[in-house]
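S.K.: missing the sequence, but the structure's below:
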């Protein structure tokens with residue numbers, strides 16, 4: 001697989017509105033291609049909603065969702081050039097590790113020789129070589145998240161959405177997974193949107209930052225600007241820096 005196969009695409013929400021009960025969201029923002037953007041903000045501010053709008057799990061009431069030069073607003077999730085990893089990792093308990101990864105190539109698990117080679121390569125790259133025949137229950141929490149990332153690799157999509165996938169892991173494991181994500185992104189050039197509540201995670205692997213507050217993107221920019229003394233006031237308040 002070449003770097004170009006996963007070369008990142010710009011993600012843009014063009015005057016997108018969405019409401020859920022009494023909560024109203026409005027996003028007008030572009031995420032630079034081939035970079036990791038940390039998405040931060042208070043609980044309930046709209047971070048997961050933003051990712052779900054990009055992935056197609058939520059449908060915009062108005063506005064457009066664009067990935068690269070393609071308008072995907074009306075496309076179902078399976079048709080969008082996006083992969084998503086959740087906190088729960090979404091593995092099928094009755095399928096082996098290699099079968100769970102193989103779903104990224106074929107939902108029916110009718111895999112060609114090339115598919116099987118891709119699955120084996122993804123398992124090796126994510127540190128799961130030799131564990132393909134195990135069931136999810138035989139793995140640690142960190143290993144289960146590695147399976148989810150291996151499935152992302154075989155899907156070969158230019159955009160990766162991470163919705164707090166490492167929140168339940170201990171500090172050392174979380175650090176390992178962040179390093180893995182950073183390494184994969186550098187190799188493949190994917191555009192990564194990464195929801196996190198941990199400022200240190202953003203500083204470790206993100207190039208850019210988007211701060212969400214009350215259903216709106218309050219600020220965007222390079223990570224170093226957010227953590228500098230002139231960083232956005234709302235963000236500095238959020239992390240207790242002012």
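M.R.: All right, it came through fine. Quick caveat: nothing in here was measured; it's all calculated off a predicted structure.

S.K.: And the helices in the protein?
M.R.: Listed in chain order, the helices of the chain (DSSP state H) span residues 47-55, 97-102, 113-125, 141-155, 171-188, 199-205, 223-227, 233-238.

S.K.: Which one of the ones you listed lies nearest to residue 25?
M.R.: helix 47-55 (5.5 Å; C-beta to C-beta). Where C-beta positions appear, they are placed from N, C-alpha and C, glycine not excepted.

S.K.: That closest one packs against which elements?
M.R.: strand 11-20, strand 23-31, strand 36-40, strand 62-67, strand 82-85, strand 159-163, strand 191-195 (3 or more C-beta pairs under 8 Å, 6 or more residues apart in numbering; DSSP states H and E).

S.K.: hmm, who's touching stretch 32-44?
M.R.: 7-11, 23, 31, 47, 50-51, 68, 158, 181-182, 185, 189-197, 199, 201-202, 205-213, 218, 223, 235, 238 (C-beta atoms under 8 Å, 6 or more residues apart in numbering).

S.K.: Try it again at 6 Å.
M.R.: Contact partners of stretch 32-44, identified using C-beta atoms under 6 Å, 6 or more residues apart in numbering, comprise 8-10, 31, 47, 185, 189, 191-196, 202, 205-213.

S.K.: Quick one: the helices and strands packed on helix 47-55 as TSV, columns for mean pLDDT, distance to residue 152 and mean neighbour count too.
M.R.: Conversion of the helices and strands packed on helix 47-55 to TSV gives the following (pLDDT from 0 to 100; distance: least, C-beta to C-beta, whole Å; neighbours: other C-beta atoms under 10 Å):
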stretch	mean pLDDT	distance to residue 152	mean neighbour count
strand 11-20	95	16	18
strand 23-31	94	17	18
strand 36-40	96	14	26
strand 62-67	96	16	18
strand 82-85	90	4	23
strand 159-163	93	6	25
strand 191-195	95	10	25
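
S.K.: could you dump those to TSV with distance to residue 127?
M.R.: What follows is the helices and strands packed on helix 47-55, written out as TSV (distance: least, C-beta to C-beta, whole Å):
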stretch	distance to residue 127
strand 11-20	28
strand 23-31	28
strand 36-40	20
strand 62-67	29
strand 82-85	16
strand 159-163	18
strand 191-195	19
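
S.K.: excluding its backbone neighbours, what's nearest residue 225?
M.R.: The shortest distance from residue 225 to any non-neighbouring residue, by C-beta to C-beta, 6 or more residues apart in numbering, is to residue 231 (6.2 Å).

S.K.: Looking at the helices of the chain, spot the one closest to residue 80.
M.R.: Once these are compared by C-beta to C-beta, helix 47-55 is nearest, at 6.6 Å.

S.K.: for that closest one, which positions count as buried?
M.R.: For helix 47-55, a neighbour-count test (16 or more other C-beta atoms under 10 Å) marks 47-55 as buried.
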